[in-house]
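Asker: Here is my input; please provide its structure:
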Amino acid sequence: MDNGEERAPELNSLRQKVEYMVEKTFPGQKISGRVFAEMVRERGGSLSHSYFSNILAGKVTQPSEEILKALGLGFGVDWHFFKEESEVVDDVVAGLQFLAKRRTGEISGLAGRGIGDDGLSPELLQFAMSLLEDASRGRDRDPEPGGSAHSGPDSRGSSGSSSGPAA
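Answerer: Residues are numbered from 1 along each chain as shown. Here you go, the predicted structure:
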């Protein structure tokens, strides 16, 4: 059994990327080509429902840049995600994993300092999620003798403040 950490999926083909985005953008829902095409239209793009269905069927593998931009509009991601050999795939996957954890309450807040205009890198986001996974596993176990390497709320309460050691 694995440690519960979500692995980055293999997203090589356009079909795999679109299926992944459907699954992550509309969890637990079946989205029709017509509904998706309408969403794209509402956001200023153009994509026929039949073309979207052909992408999901694997019949379209080399769409135009205009179609890729329409997919990006529909899913709310950078259209470069859908290009072959895209460098933004890791960014999008890490972001979606983060949002999924935020939605389930595994992440309740995040404060970043010194973050550039591009936000957190996929590596840093993945590192943060691995820390959360470790913390989550730690909460499921009884504390070990000797405690942990960091301090936090314990049996004394969780007021969030401490006076520190007496001088």
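
Asker: Skip the chain neighbours and tell me the closest residue to R43.
Answerer: L73 (4.3 Å; Cβ to Cβ, 6 or more residues apart in numbering). Quick note: C-beta positions are derived from backbone N, CA and C, even for glycine.

Asker: Which of the helices or strands spans that neighbour?
Answerer: helix 65-75 (DSSP states H and E).

Asker: Please apply the same query to F98.
Answerer: According to DSSP H and E, F98 maps onto helix 89-104.

Asker: List the buried residues in that helix.
Answerer: V89, D90, D91, V92, V93, A94, G95, L96, Q97, F98, K101 (16 or more other Cβ atoms under 10 Å).

Asker: Just confirm the fifth one contacts Q16, I think it does.
Answerer: Which is V93. No - under the criterion of Cβ atoms under 8 Å, V93 is not in contact with Q16, lying 11.6 Å apart.

Asker: any residues in contact with both of these two?
Answerer: P9 (Cβ atoms under 8 Å, 6 or more residues apart in numbering).

Asker: rewinding a little: now what about the helix holding L73, what contacts it?
Answerer: Contacts for helix 65-75 (Cβ under 8 Å, 6+ apart): 18, 21, 25, 36, 39-40, 43-47, 51, 55, 60, 63, 78-83.

Asker: re the thing from before, quick check, nearest of the buried residues of helix 89-104 to N12?
Answerer: Nearest to N12 among these, counting by Cβ to Cβ, is V89 at 9.3 Å.

Asker: Check the burial of G58 by counting its neighbours.
Answerer: Neighbour count of G58, defined by other Cβ atoms under 10 Å: 13.

Asker: tell me the pLDDT at it?
Answerer: Here, the pLDDT recorded for G58 equals 93.

Asker: cool, and G105?
Answerer: 76.

Asker: do the same with G28
Answerer: Confidence score, pLDDT, at G28: 88.

Asker: Secondary structure element holding it?
Answerer: Using DSSP H and E, G28 falls outside every helix and strand.

Asker: Just name the shakiest helix or strand of the chain by mean pLDDT.
Answerer: Least confident helix or strand, the chain: helix 122-140 with a mean of 63, by mean pLDDT, DSSP states H and E.

Asker: coming back round to it: drop anything exposed from the contacts of helix 65-75.
Answerer: Buried among the contacts of helix 65-75 (16+ other Cβ under 10 Å): 18, 21, 25, 36, 39-40, 45, 47, 51, 55, 60, 63, 78-83.
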